[in-house]
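Participant: could you look at this predicted model? Sequence included:
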Number of protein chains: 2
Amino acid sequence: MAADKFFEALASRPRREILAYLSAQELTAGEIASRFEMSAPSISRHLSVLEGAGLVSSERQGQFIVYRLNRDSLVNTLTGFAFEICPKAGPLKRESRKLAAKKQGA
Amino acid sequence: MAADKFFEALASRPRREILAYLSAQELTAGEIASRFEMSAPSISRHLSVLEGAGLVSSERQGQFIVYRLNRDSLVNTLTGFAFEICPKAGPLKRESRKLAAKKQGA
DNA sequence: TCGTTAATTAGCTCAGTAGCTAATTATCTA
DNA sequence: TAGATAATTAGCTACTGAGCTAATTAACGA
């Protein structure tokens, strides 16, 4: 299940804070680490977990490695879960009404 | 932080499955336990975690304890997080890496 | 009241994760 | 090429969480 890694990645305050930082701008590993009172290897591990969950992507730029947020992945998994748990709640799009109808019929 | 308990509660497949069951109807602890191949005490513990995170509520009904989903809490925290991470779309500019490195050195 | 059922709490083991420092890899620059 | 910088991997310790069984609490019914 992709949701496993997804929610496991979010179950850590430092990792959620990293996502918040990356929501404003892309950052290098060092720039991220400098925002925490935590060793660089620990931050590197958190970044690895986030990347394994598909929440961020990385790209080497010379000496640096730049991380950026995967907004689509985040939003899609989050809304997917919201619909699974709360089919009747939340902001409904047109398409979702068909899905809700199917689920009720099933 | 409320988000701490919230995301910690969701970082478990059995707990997410419990929420899915409760999204259809309220259930007693025993009815929930019967849907898993897991001991009743383990399920009880999961329910306690979910309740501590505000995701479910319980009410004793005679011999039984009935659990139900707290939809509002779930949706509110989820959307709150979504807004925190994805406030505005669009990638922002960054200063050059060399410049940033010099600043760090200074 | 006594026995039965529902559920939780207590106490334990085991696995996994977070954090650290030290070592390694990759890249840049003088 | 040597030295410096960025980041990761390796290896370790400590803690937390998941699961179990046994024991306890709460409520029902004969």
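Facilitator: Nice, thanks for sending it over.

Participant: residues from chain A in reach of DNA strand C?
Facilitator: Residues of chain A found near DNA strand C (C-beta under 7 Å from any atom of the strand) are A:8, A:12, A:14-15, A:37-39, A:41-42, A:45-46, A:49, A:60, A:62-63. Placement of C-beta: from N, CA and C, glycine included.

Participant: please go through the residues you listed and note which also touch DNA strand D.
Facilitator: A:Pro41, A:Arg45, A:Gln63.

Participant: buried ones among those residues?
Facilitator: Buried members of these, scored by 16 or more other C-beta atoms under 10 Å in any protein chain shown: none.

Participant: thinking again about what came up before, from the residues of chain A next to DNA strand C, which land in helices?
Facilitator: Of those, the ones assigned to helices by DSSP state H are A:Glu8, A:Pro14, A:Arg15, A:Pro41, A:Ser42, A:Arg45, A:His46, A:Val49.

Participant: quick revisit: nearest to A:Thr77, of the residues of chain A next to DNA strand C?
Facilitator: Using C-beta to C-beta, A:Glu8 comes nearest to A:Thr77 of these, at 12.2 Å.

Participant: run a quick neighbour tally on the residue of chain A at minimum distance from DNA strand C.
Facilitator: Closest to DNA strand C within chain A is A:Gly62: 2.6 Å, counting by C-beta to the nearest atom of the strand. By other C-beta atoms under 10 Å in any protein chain shown, the residues close to A:Gly62 number 8.

Participant: find the nearest non-adjacent residue to A:Met1, please.
Facilitator: Once flanking residues are discounted, A:Met1 sits nearest to B:Arg13: 6.8 Å by C-beta to C-beta, 6 or more residues apart in numbering or on different chains.

Participant: do you know the pLDDT at whichever residue of chain A sits closest to chain B?
Facilitator: Nearest residue of chain A to chain B: A:Ala11, at 3.4 Å (C-beta to the nearest C-beta). pLDDT, A:Ala11: 98.

Participant: hang on, it packs against B:Lys5?
Facilitator: No: counting by C-beta atoms under 8 Å, A:Ala11 does not reach B:Lys5; the two are 10.0 Å apart.

Participant: for DNA strand D, what's its nearest residue on chain A.
Facilitator: Counting by C-beta to the nearest atom of the strand, chain A gets nearest to DNA strand D through A:Gly30 (2.1 Å).

Participant: what's the pLDDT at the spatially most central residue of chain A?
Facilitator: What sits nearest the mean C-alpha location of chain A, by C-alpha atoms, centre = their mean, is A:Leu55, with 3.6 Å. pLDDT for A:Leu55: 98.

Participant: how close does it get to B:Arg45?
Facilitator: In this view, A:Leu55 and B:Arg45 are 28 Å apart by C-beta to C-beta, to the nearest Å.

Participant: now do the strands in chain A.
Facilitator: Along chain A, the segments classed as strands by DSSP state E run A:27-28, A:56-61, A:64-69.

Participant: in its sheet, which strands sit next to the second one, and in what direction?
Facilitator: In this case it means strand A:56-61. Taking DSSP bridges as the criterion, strand A:56-61 pairs within the sheet with strand A:64-69 (antiparallel).
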